[in-house]
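Trainee: This is a predicted model, with the sequence first.
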Amino acid sequence: MKVLFIGGTGNISTSVSKLCIERGIDLYLLNRGKSGVKIARARTITGDIQQPKELAGTLGKHQWDVVVNWIAFTSNDIERDIGLFFGKTRQYIFISSASAYQKPPSHPIITESTPLKNPFWEYSRNKIACEEKLNQAYRQKDFPMTIVRPSLTYDTVIPVAISGWKEYTIVDRLKKGKKIIVHGDGTSLWTITHAKDFARGFVGLLDHQQAIGQAFHITSDEVLTWNQIYQAVAEAAGVEAKMVHIASDFICQVEPSFTGTLLGDKSYSAIFDNSKIKKFVPDFVATIPFKTGIKQTLGWFETDASRMTINQVTNRMMNRIIKIYETSN
Ligand SMILES: NC(=O)c1ccc[n+]([C@@H]2O[C@H](COP(=O)([O-])OP(=O)(O)OC[C@H]3O[C@@H](n4cnc5c(N)ncnc54)[C@H](OP(=O)(O)O)[C@@H]3O)[C@@H](O)[C@H]2O)c1
(Lines give C-alpha, C1' and ligand atoms only; values in the text may rest on other atoms or scores of the structure.)
Protein backbone atom coordinates (compact mmCIF):
# COMPACT_ATOMS: atom_id res chain seq x y z
CA MET A 1 0.00 0.00 0.00
CA LYS A 2 1.45 3.37 -1.02
CA VAL A 3 0.35 6.14 1.33
CA LEU A 4 1.03 9.88 1.57
CA PHE A 5 0.65 11.77 4.84
CA ILE A 6 0.59 15.55 4.72
CA GLY A 7 2.05 16.21 8.17
CA GLY A 8 2.74 12.84 9.78
CA THR A 9 5.16 13.91 12.52
CA GLY A 10 2.69 15.59 14.89
CA ASN A 11 1.13 14.74 18.25
CA ILE A 12 -1.39 12.25 16.77
CA SER A 13 0.16 11.40 13.43
CA THR A 14 3.60 10.27 14.68
CA SER A 15 2.07 7.14 16.27
CA VAL A 16 0.09 6.47 13.09
CA SER A 17 3.20 6.88 10.91
CA LYS A 18 5.12 4.41 13.12
CA LEU A 19 2.31 1.85 12.97
CA CYS A 20 2.12 2.16 9.17
CA ILE A 21 5.84 1.39 8.91
CA GLU A 22 5.45 -1.58 11.31
CA ARG A 23 2.68 -2.93 9.04
CA GLY A 24 4.84 -2.69 5.92
CA ILE A 25 3.10 0.30 4.30
CA ASP A 26 5.16 2.31 1.79
CA LEU A 27 4.79 5.63 3.63
CA TYR A 28 5.66 9.09 2.28
CA LEU A 29 5.63 12.08 4.63
CA LEU A 30 5.17 15.56 3.22
CA ASN A 31 6.15 18.22 5.75
CA ARG A 32 8.58 21.11 6.21
CA GLY A 33 11.01 19.04 8.31
CA LYS A 34 10.69 21.49 11.20
CA SER A 35 9.25 19.21 13.87
CA GLY A 36 12.53 17.32 14.42
CA VAL A 37 10.61 14.00 14.56
CA LYS A 38 12.15 11.27 12.40
CA ILE A 39 10.15 8.25 11.29
CA ALA A 40 12.56 5.46 10.40
CA ARG A 41 12.02 3.93 6.94
CA ALA A 42 9.44 6.55 5.87
CA ARG A 43 10.19 8.49 2.68
CA THR A 44 10.30 12.24 2.99
CA ILE A 45 8.97 14.94 0.69
CA THR A 46 10.11 18.27 2.09
CA GLY A 47 7.69 21.07 1.32
CA ASP A 48 5.00 23.41 2.53
CA ILE A 49 1.45 22.37 1.69
CA GLN A 50 0.52 26.06 1.73
CA GLN A 51 2.72 26.42 -1.38
CA PRO A 52 0.95 23.89 -3.64
CA LYS A 53 2.43 25.24 -6.89
CA GLU A 54 5.91 24.31 -5.68
CA LEU A 55 4.71 20.79 -4.85
CA ALA A 56 2.59 20.10 -7.93
CA GLY A 57 5.57 18.81 -9.96
CA THR A 58 6.74 16.34 -7.29
CA LEU A 59 3.23 15.18 -6.36
CA GLY A 60 2.13 14.94 -10.00
CA LYS A 61 4.57 12.03 -10.56
CA HIS A 62 2.81 9.82 -8.02
CA GLN A 63 -0.31 7.69 -7.89
CA TRP A 64 -1.42 6.89 -4.31
CA ASP A 65 -3.53 4.27 -2.64
CA VAL A 66 -4.27 6.71 0.19
CA VAL A 67 -3.60 10.38 0.90
CA VAL A 68 -4.19 11.65 4.45
CA ASN A 69 -4.11 15.37 5.16
CA TRP A 70 -3.49 15.81 8.90
CA ILE A 71 -3.46 19.58 8.70
CA ALA A 72 -6.47 20.75 6.67
CA PHE A 73 -8.49 23.37 8.54
CA THR A 74 -10.54 25.35 5.99
CA SER A 75 -12.62 24.62 2.92
CA ASN A 76 -9.88 26.34 0.85
CA ASP A 77 -7.46 23.64 2.05
CA ILE A 78 -9.94 21.00 0.86
CA GLU A 79 -10.43 22.67 -2.52
CA ARG A 80 -6.64 22.77 -2.96
CA ASP A 81 -6.37 19.07 -2.06
CA ILE A 82 -9.16 18.04 -4.43
CA GLY A 83 -7.21 19.89 -7.15
CA LEU A 84 -3.96 18.13 -6.22
CA PHE A 85 -5.32 14.60 -5.73
CA PHE A 86 -8.43 14.10 -7.89
CA GLY A 87 -7.71 11.03 -10.05
CA LYS A 88 -4.41 10.54 -8.19
CA THR A 89 -5.57 8.55 -5.15
CA ARG A 90 -7.95 5.69 -4.36
CA GLN A 91 -8.79 7.29 -0.99
CA TYR A 92 -8.38 10.76 0.56
CA ILE A 93 -8.74 11.02 4.35
CA PHE A 94 -9.57 14.33 6.01
CA ILE A 95 -8.82 14.77 9.71
CA SER A 96 -11.82 16.62 11.06
CA SER A 97 -12.66 17.07 14.76
CA ALA A 98 -15.25 15.63 17.15
CA SER A 99 -15.74 19.21 18.33
CA ALA A 100 -17.82 19.58 15.15
CA TYR A 101 -20.61 17.55 16.77
CA GLN A 102 -23.69 19.52 17.90
CA LYS A 103 -23.05 21.93 20.80
CA PRO A 104 -24.77 21.99 23.17
CA PRO A 105 -25.44 18.28 22.62
CA SER A 106 -29.08 17.17 22.68
CA HIS A 107 -27.90 13.71 23.80
CA PRO A 108 -24.66 12.81 25.61
CA ILE A 109 -24.01 9.67 23.52
CA ILE A 110 -22.25 10.70 20.34
CA THR A 111 -22.53 8.61 17.19
CA GLU A 112 -21.38 9.55 13.69
CA SER A 113 -25.02 10.53 12.99
CA THR A 114 -25.01 13.23 15.66
CA PRO A 115 -25.64 16.51 13.80
CA LEU A 116 -22.68 18.80 13.14
CA LYS A 117 -23.22 22.29 14.55
CA ASN A 118 -21.03 24.48 16.72
CA PRO A 119 -22.06 28.11 17.21
CA PHE A 120 -19.28 28.64 19.80
CA TRP A 121 -16.08 27.62 17.97
CA GLU A 122 -14.90 28.87 14.58
CA TYR A 123 -12.32 26.06 14.36
CA SER A 124 -15.17 23.50 14.49
CA ARG A 125 -17.32 25.42 11.99
CA ASN A 126 -14.39 25.45 9.58
CA LYS A 127 -13.99 21.68 9.99
CA ILE A 128 -17.73 21.30 9.25
CA ALA A 129 -17.27 23.41 6.08
CA CYS A 130 -14.41 21.08 5.06
CA GLU A 131 -16.65 18.06 5.56
CA GLU A 132 -19.42 19.68 3.51
CA LYS A 133 -17.05 20.40 0.65
CA LEU A 134 -15.88 16.78 0.68
CA ASN A 135 -19.41 15.36 0.82
CA GLN A 136 -20.25 17.49 -2.22
CA ALA A 137 -17.15 16.29 -4.11
CA TYR A 138 -18.00 12.68 -3.24
CA ARG A 139 -21.61 13.02 -4.41
CA GLN A 140 -20.92 15.07 -7.52
CA LYS A 141 -17.71 13.55 -8.85
CA ASP A 142 -16.95 10.43 -6.77
CA PHE A 143 -14.01 12.01 -4.99
CA PRO A 144 -13.06 9.04 -2.78
CA MET A 145 -13.08 10.71 0.61
CA THR A 146 -13.22 9.40 4.17
CA ILE A 147 -13.66 11.67 7.20
CA VAL A 148 -12.06 10.92 10.58
CA ARG A 149 -13.00 12.95 13.65
CA PRO A 150 -10.53 12.62 16.53
CA SER A 151 -11.64 13.77 19.95
CA LEU A 152 -9.09 14.88 22.57
CA THR A 153 -6.06 12.75 21.57
CA TYR A 154 -2.62 12.97 23.16
CA ASP A 155 0.90 11.63 23.27
CA THR A 156 3.32 14.56 23.26
CA VAL A 157 0.89 17.10 24.72
CA ILE A 158 -0.69 17.43 28.17
CA PRO A 159 -4.41 17.25 27.29
CA VAL A 160 -6.16 19.37 29.91
CA ALA A 161 -8.94 21.88 29.35
CA ILE A 162 -7.26 24.86 31.00
CA SER A 163 -3.53 25.28 30.30
CA GLY A 164 -1.36 25.13 27.19
CA TRP A 165 -0.95 21.62 25.72
CA LYS A 166 2.57 21.96 24.42
CA GLU A 167 3.94 23.27 27.69
CA TYR A 168 4.70 21.97 31.19
CA THR A 169 2.94 24.83 33.02
CA ILE A 170 0.12 22.77 34.56
CA VAL A 171 2.54 20.16 35.93
CA ASP A 172 4.82 22.85 37.33
CA ARG A 173 1.82 24.42 39.10
CA LEU A 174 0.77 21.06 40.49
CA LYS A 175 4.30 20.32 41.72
CA LYS A 176 4.57 23.74 43.38
CA GLY A 177 1.23 23.22 45.18
CA LYS A 178 -0.40 26.05 43.21
CA LYS A 179 -4.12 26.00 42.47
CA ILE A 180 -5.35 24.73 39.12
CA ILE A 181 -8.71 25.46 37.48
CA VAL A 182 -11.24 22.71 36.76
CA HIS A 183 -14.27 23.85 34.76
CA GLY A 184 -17.72 23.27 36.19
CA ASP A 185 -17.90 21.03 39.25
CA GLY A 186 -15.53 18.57 37.58
CA THR A 187 -18.17 15.84 37.24
CA SER A 188 -18.97 16.19 33.53
CA LEU A 189 -17.79 13.21 31.49
CA TRP A 190 -15.01 13.23 28.93
CA THR A 191 -12.88 10.85 26.92
CA ILE A 192 -9.17 11.19 26.25
CA THR A 193 -7.53 8.89 23.72
CA HIS A 194 -3.87 7.96 23.42
CA ALA A 195 -2.47 8.46 19.91
CA LYS A 196 -1.23 4.82 19.88
CA ASP A 197 -4.80 3.61 20.43
CA PHE A 198 -6.14 6.03 17.79
CA ALA A 199 -3.50 4.67 15.39
CA ARG A 200 -4.81 1.09 15.61
CA GLY A 201 -8.29 2.18 14.53
CA PHE A 202 -7.03 4.63 11.93
CA VAL A 203 -4.62 2.31 10.09
CA GLY A 204 -7.48 -0.17 9.65
CA LEU A 205 -9.32 2.46 7.56
CA LEU A 206 -6.45 2.90 5.08
CA ASP A 207 -7.45 1.60 1.64
CA HIS A 208 -10.65 0.17 3.18
CA GLN A 209 -13.00 0.10 0.20
CA GLN A 210 -16.14 0.32 2.35
CA ALA A 211 -14.90 3.44 4.17
CA ILE A 212 -15.31 5.66 1.11
CA GLY A 213 -17.95 8.34 1.65
CA GLN A 214 -18.06 7.55 5.39
CA ALA A 215 -17.22 9.46 8.57
CA PHE A 216 -15.78 7.93 11.76
CA HIS A 217 -14.66 8.95 15.19
CA ILE A 218 -12.01 6.86 16.92
CA THR A 219 -11.78 7.17 20.71
CA SER A 220 -11.07 5.23 23.86
CA ASP A 221 -14.06 3.70 25.65
CA GLU A 222 -12.72 4.96 28.97
CA VAL A 223 -15.09 7.66 30.24
CA LEU A 224 -13.71 9.88 33.02
CA THR A 225 -14.87 12.90 34.95
CA TRP A 226 -12.69 16.01 34.64
CA ASN A 227 -11.88 15.61 38.34
CA GLN A 228 -10.49 12.14 37.55
CA ILE A 229 -8.55 13.52 34.57
CA TYR A 230 -6.81 16.20 36.68
CA GLN A 231 -6.27 13.69 39.51
CA ALA A 232 -4.52 11.38 37.03
CA VAL A 233 -2.25 14.22 35.85
CA ALA A 234 -1.44 15.11 39.48
CA GLU A 235 -0.78 11.46 40.35
CA ALA A 236 1.58 11.17 37.38
CA ALA A 237 3.38 14.24 38.77
CA GLY A 238 3.50 12.57 42.21
CA VAL A 239 1.40 15.20 44.00
CA GLU A 240 -2.18 16.00 45.01
CA ALA A 241 -4.11 18.52 42.93
CA LYS A 242 -5.45 21.71 44.49
CA MET A 243 -8.48 22.17 42.26
CA VAL A 244 -10.59 25.28 42.10
CA HIS A 245 -13.94 24.54 40.44
CA ILE A 246 -15.24 27.45 38.38
CA ALA A 247 -18.31 27.47 36.10
CA SER A 248 -17.37 27.46 32.40
CA ASP A 249 -19.56 30.54 31.81
CA PHE A 250 -17.60 32.45 34.45
CA ILE A 251 -14.23 31.39 33.00
CA CYS A 252 -15.32 32.51 29.52
CA GLN A 253 -16.56 35.85 30.80
CA VAL A 254 -13.16 36.55 32.37
CA GLU A 255 -11.17 34.99 29.53
CA PRO A 256 -13.25 34.92 26.32
CA SER A 257 -10.53 32.96 24.48
CA PHE A 258 -11.83 29.83 26.28
CA THR A 259 -15.28 30.09 24.69
CA GLY A 260 -14.50 27.71 21.81
CA THR A 261 -12.73 25.03 23.78
CA LEU A 262 -15.15 25.13 26.77
CA LEU A 263 -18.61 26.23 25.58
CA GLY A 264 -17.90 24.78 22.13
CA ASP A 265 -16.51 21.51 23.42
CA LYS A 266 -15.30 20.41 26.87
CA SER A 267 -17.95 21.87 29.17
CA TYR A 268 -20.50 19.19 28.14
CA SER A 269 -20.51 15.49 28.89
CA ALA A 270 -19.68 13.48 25.78
CA ILE A 271 -19.63 9.70 25.54
CA PHE A 272 -18.51 8.31 22.21
CA ASP A 273 -20.22 5.27 20.74
CA ASN A 274 -17.35 3.56 18.87
CA SER A 275 -19.44 0.76 17.33
CA LYS A 276 -18.94 2.05 13.78
CA ILE A 277 -15.12 1.99 13.80
CA LYS A 278 -15.22 -1.42 15.53
CA LYS A 279 -17.49 -2.79 12.75
CA PHE A 280 -15.18 -1.51 10.01
CA VAL A 281 -11.94 -2.35 11.83
CA PRO A 282 -12.81 -5.39 13.96
CA ASP A 283 -9.43 -5.62 15.72
CA PHE A 284 -9.66 -2.02 17.01
CA VAL A 285 -9.69 -1.74 20.77
CA ALA A 286 -8.25 1.09 22.85
CA THR A 287 -6.10 -0.35 25.61
CA ILE A 288 -4.23 2.56 27.21
CA PRO A 289 -5.94 3.98 30.33
CA PHE A 290 -5.38 7.70 30.80
CA LYS A 291 -3.64 7.07 34.14
CA THR A 292 -0.99 5.01 32.31
CA GLY A 293 -0.69 7.12 29.18
CA ILE A 294 -0.31 10.43 30.99
CA LYS A 295 2.60 9.01 33.05
CA GLN A 296 4.36 8.19 29.78
CA THR A 297 3.61 11.66 28.43
CA LEU A 298 5.04 13.36 31.52
CA GLY A 299 8.07 11.06 31.23
CA TRP A 300 8.49 12.22 27.61
CA PHE A 301 8.41 15.89 28.69
CA GLU A 302 10.86 15.24 31.51
CA THR A 303 13.50 13.44 29.42
CA ASP A 304 14.31 16.73 27.67
CA ALA A 305 14.45 19.99 29.64
CA SER A 306 13.65 21.99 26.47
CA ARG A 307 10.17 20.42 26.45
CA MET A 308 9.44 21.49 30.06
CA THR A 309 8.52 25.06 29.15
CA ILE A 310 6.68 27.10 31.74
CA ASN A 311 4.54 29.72 30.09
CA GLN A 312 4.10 32.78 32.30
CA VAL A 313 1.23 34.00 30.11
CA THR A 314 -0.67 30.80 31.02
CA ASN A 315 0.30 31.20 34.69
CA ARG A 316 -0.83 34.82 34.85
CA MET A 317 -4.09 33.99 33.09
CA MET A 318 -4.87 31.16 35.56
CA ASN A 319 -3.94 33.33 38.55
CA ARG A 320 -6.17 36.11 37.25
CA ILE A 321 -9.24 33.87 36.73
CA ILE A 322 -8.80 32.31 40.21
CA LYS A 323 -8.35 35.71 41.87
CA ILE A 324 -11.45 37.22 40.20
CA TYR A 325 -13.46 34.12 41.07
CA GLU A 326 -12.36 33.99 44.71
CA THR A 327 -12.88 37.69 45.33
CA SER A 328 -16.35 37.52 43.76
CA ASN A 329 -17.46 34.89 46.32
N1 LIG B 1 -5.19 16.35 19.24
C2 LIG B 1 -6.47 16.43 19.32
O3 LIG B 1 -7.03 16.30 20.41
C4 LIG B 1 -7.32 16.69 18.10
C5 LIG B 1 -8.70 16.65 18.25
C6 LIG B 1 -9.48 16.86 17.11
C7 LIG B 1 -8.89 17.06 15.89
N8 LIG B 1 -7.53 17.10 15.78
C9 LIG B 1 -6.94 17.33 14.46
O10 LIG B 1 -5.76 16.56 14.30
C11 LIG B 1 -4.89 17.22 13.39
C12 LIG B 1 -3.52 17.39 14.02
O13 LIG B 1 -2.81 16.19 13.92
P14 LIG B 1 -1.38 16.03 14.59
O15 LIG B 1 -1.57 16.15 16.08
O16 LIG B 1 -0.74 14.82 14.12
O17 LIG B 1 -0.64 17.32 13.98
P18 LIG B 1 0.23 18.42 14.62
O19 LIG B 1 0.75 18.03 15.95
O20 LIG B 1 -0.50 19.69 14.46
O21 LIG B 1 1.50 18.34 13.60
C22 LIG B 1 1.55 19.00 12.45
C23 LIG B 1 2.26 18.17 11.34
O24 LIG B 1 2.11 18.87 10.12
C25 LIG B 1 3.38 19.30 9.62
N26 LIG B 1 3.16 20.66 9.07
C27 LIG B 1 2.74 21.77 9.74
N28 LIG B 1 2.59 22.79 8.89
C29 LIG B 1 2.91 22.32 7.65
C30 LIG B 1 2.93 22.90 6.35
N31 LIG B 1 2.58 24.19 6.14
N32 LIG B 1 3.28 22.12 5.31
C33 LIG B 1 3.62 20.83 5.48
N34 LIG B 1 3.62 20.23 6.69
C35 LIG B 1 3.27 20.95 7.76
C36 LIG B 1 4.31 19.24 10.82
O37 LIG B 1 5.67 19.05 10.43
P38 LIG B 1 6.65 20.32 10.13
O39 LIG B 1 6.41 21.31 11.23
O40 LIG B 1 8.02 19.70 10.15
O41 LIG B 1 6.27 20.85 8.79
C42 LIG B 1 3.75 17.99 11.51
O43 LIG B 1 4.15 16.83 10.82
C44 LIG B 1 -5.51 18.57 13.10
O45 LIG B 1 -6.21 18.51 11.86
C46 LIG B 1 -6.49 18.77 14.24
O47 LIG B 1 -7.57 19.62 13.90
C48 LIG B 1 -6.74 16.92 16.87
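Mentor: All right, it came through fine.

Trainee: And the strands in the stretch 151-300 of the chain, which stretches?
Mentor: Assigned by DSSP state E, counting those that start in this stretch, the stretch 151-300 of the chain shows strands spanning 153-154, 179-183, 189-190, 193-194, 215-217, 224-225, 242-246, 271-272.

Trainee: okay, those, which one's buried deepest?
Mentor: Mean neighbour count (mean count of other Cβ atoms under 10 Å) peaks for strand 193-194 among the strands of the stretch 151-300 of the chain, with a mean of 27. All C-beta atoms are positioned from the backbone trio N, CA, C, and that covers glycine.

Trainee: So for it, mean pLDDT?
Mentor: Averaged over strand 193-194, pLDDT sits at 98.

Trainee: partners of it in the sheet?
Mentor: Here strand 193-194 has these sheet partners by DSSP bridges: strand 153-154 (parallel).

Trainee: Give me the contacts around the strand it pairs with.
Mentor: For strand 153-154, contacts defined as Cβ atoms under 8 Å, 6 or more residues apart in numbering pick out 11-12, 159, 165, 192-195, 198, 219, 293-294, 297.

Trainee: and the chain, which residues reach the ligand?
Mentor: Proximity of the chain to the ligand (Cβ under 6 Å from any ligand atom) is limited to residues 7-13, 31-35, 48-50, 70-71, 95, 97, 150, 152-153.

Trainee: In stretch 4-18, which residues are buried?
Mentor: By neighbour count on 16 or more other Cβ atoms under 10 Å, the buried set for stretch 4-18 is 4-18.

Trainee: which other helices and strands contact the one helix or strand in the chain whose mean pLDDT sits lowest?
Mentor: Counting by mean pLDDT, DSSP states H and E, the chain has its least confident helix or strand at helix 52-60, which shows a mean of 92. Counting contacts by 3 or more Cβ pairs under 8 Å, 6 or more residues apart in numbering; DSSP states H and E, helix 52-60 is packed against strand 43-46, helix 75-85.

Trainee: In TSV, list those along with mean neighbour count and mean pLDDT.
Mentor: Shown next, in TSV, are these (neighbours: other Cβ atoms under 10 Å; pLDDT from 0 to 100):
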stretch	mean neighbour count	mean pLDDT
strand 43-46	14	97
helix 75-85	18	97
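
Trainee: The ones you listed: which one's closest to residue 308?
Mentor: strand 43-46 (28.6 Å; Cβ to Cβ).

Trainee: Touching that closest one from outside, list them.
Mentor: For strand 43-46, contacts defined as Cβ under 8 Å, 6+ apart pick out 4, 26, 27, 28, 29, 30, 31, 32, 33, 55, 58, 59.

Trainee: possible to save the helices and strands packed on helix 52-60 as TSV with distance to residue 257?
Mentor: Formatted as TSV, the helices and strands packed on helix 52-60 follow (distance: least, Cβ to Cβ, whole Å):
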stretch	distance to residue 257
strand 43-46	34
helix 75-85	23
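
Trainee: Would you mind identifying the next helix or strand past the longest helix belonging to the chain?
Mentor: Selection of the longest helix in the chain by residue count, based on DSSP state H, yields helix 122-141. Next along the chain after helix 122-141, taking DSSP states H and E as the criterion, comes strand 145-149.

Trainee: Parallel or antiparallel, which strands does that following strand pair with?
Mentor: Paired with strand 145-149 in the same sheet, following DSSP bridges, are strand 89-95 (parallel), strand 215-217 (parallel).

Trainee: can you map out the helices along the stretch 151-300 of the chain?
Mentor: In the stretch 151-300 of the chain, the helices defined using DSSP state H, counting those that start in this stretch lie at 169-175, 195-203, 226-237, 248-254, 259-261, 275-280, 290-302.

Trainee: Include mean neighbour count when you put those helices into a markdown table, please.
Mentor: A markdown table is the format used below for the helices of the stretch 151-300 of the chain (neighbours: other Cβ atoms under 10 Å):
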| stretch | mean neighbour count |
| --- | --- |
| helix 169-175 | 22 |
| helix 195-203 | 24 |
| helix 226-237 | 20 |
| helix 248-254 | 18 |
| helix 259-261 | 20 |
| helix 275-280 | 16 |
| helix 290-302 | 18 |
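
Trainee: between those, which gets nearest to residue 63?
Mentor: Proximity to residue 63 (Cβ to Cβ) singles out helix 195-203 among the helices of the stretch 151-300 of the chain, at 20.5 Å.

Trainee: and that closest one, what other elements does it pack with?
Mentor: Helices and strands touching helix 195-203, by 3+ Cβ pairs under 8 Å, 6+ apart, are helix 13-22, strand 153-154.

Trainee: quick one: that helix to helix 13-22, angle?
Mentor: 60 degrees (axes from the mean of the first three to the mean of the last three Cα atoms, to 10 degrees).
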